[in-house]
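Undergrad: The following block contains a protein sequence and its predicted model.
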Amino acid sequence: MRKPDAALAFYALSILLLPVSLLGYVIWVGKLLAVKPSGVSTSAQAPLSARWAMHNFGVREDQAANQLLPLLPGVPWLGMRLAFWPTLFAHRVTGFVPKTFRYPFEGEIPPQAEASARVAFFDGAVDRALPGTDQLVILGAGFDTRPYRLPRDTSVNSFEVDAPKTQAVKREILDKAGIDLRKVAFVPADFEKDDWLAKLVDAGFDLGRPALFLWERRHDVPRPGSDRGHAAQDRELRQRQFARIRLLHNRDP
């Protein structure tokens, strides 16, 4: 099917099946309102949804994301399936992938495609830098699944640093999914109160060896009603911490 015809057929099927998607979202939102809050922010969950969609569109393999999303607190299996099924069905019939979920992402980035574009950007950083290192540190890891996409025989030790509540939920669903955690260390830390670098070292991070640090969290957009100086303070905090890393790494033995 030619691309224009595939796109037309895809969107026609999606519109035809829209009531099914709406029913799924109603069930999903109803479950979110009905259950006790888990303490995990929706901003930590949203990137996982994007990676789940890309996996199911067949553009980016991520079996861990595929397993974890249905296990998240507040995600009803039936609601999730109904919400996503029409789009996936339209894709399987037509072969068309909407721009929001294309990988690697190219071109201008509309707001609805930001999550997918970020996945491609950080994947590229990992692909370029990781071959020369044996430590991967993900700050504000949320439900990032990159450590679980590495080869089983990898020599890379991964460290996930994040809020204790988020990590507790993630470890629980990783255990339910039966995902191998032997090469991953979890470092619970409040970035505004704790010395996360000291905790990272305590968890086995070696300051004398090369490491790749990822920080995918969005910091520079102030929340409504929040202190607009917070973003600048946060940048300053990160600069100080990474200056400490460089200093400790370069010190004389």
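TA: Received it, and whenever you're ready, just let me know what you need.

Undergrad: Flag every buried residue along stretch 66-73.
TA: Within stretch 66-73, the residues scored as buried using 16 or more other CB atoms under 10 Å are 66, 67, 68, 69, 71, 72, 73. Any C-beta I mention is one placed from the backbone N, CA and C, and that applies to glycine too.

Undergrad: So which of the residues you listed sit within helices?
TA: Under the assignment DSSP state H, these contribute 66, 67, 68 to helices.

Undergrad: which one among the residues you listed gets closest to residue 13?
TA: Checking these against residue 13 by CB to CB gives residue 66 as the nearest, at 22.6 Å.

Undergrad: thinking again about what came up before, which one among the buried residues of stretch 66-73 gets closest to residue 176?
TA: After measuring those against residue 176 - CB to CB - the closest member comes out as residue 71, at 5.4 Å.

Undergrad: so that closest one touches residue 176, yeah?
TA: Yes: using CB atoms under 8 Å, residue 71 is in contact with residue 176, at 5.4 Å.

Undergrad: and residue 161, helix, strand or coil?
TA: strand (DSSP: H, G, I helix; E, B strand; the rest coil).

Undergrad: in the host helix or strand of residue 117, what's buried?
TA: Secondary structure assignment for residue 117, by DSSP states H and E: helix 114-129. Across helix 114-129, burial judged by 16+ other CB under 10 Å covers 114, 115, 116, 117, 118, 119, 120, 122, 123, 126.

Undergrad: Let me have the residues you listed in a markdown table, adding pLDDT as columns.
TA: A markdown table is the format used below for these (pLDDT from 0 to 100):
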| residue | pLDDT |
| --- | --- |
| 114 | 82 |
| 115 | 80 |
| 116 | 82 |
| 117 | 85 |
| 118 | 86 |
| 119 | 89 |
| 120 | 88 |
| 122 | 90 |
| 123 | 91 |
| 126 | 91 |
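
Undergrad: My understanding was that residue 35 contacts residue 75; is that so?
TA: No: at 9.8 Å, residue 35 does not count as touching residue 75 under the criterion of CB under 8 Å.
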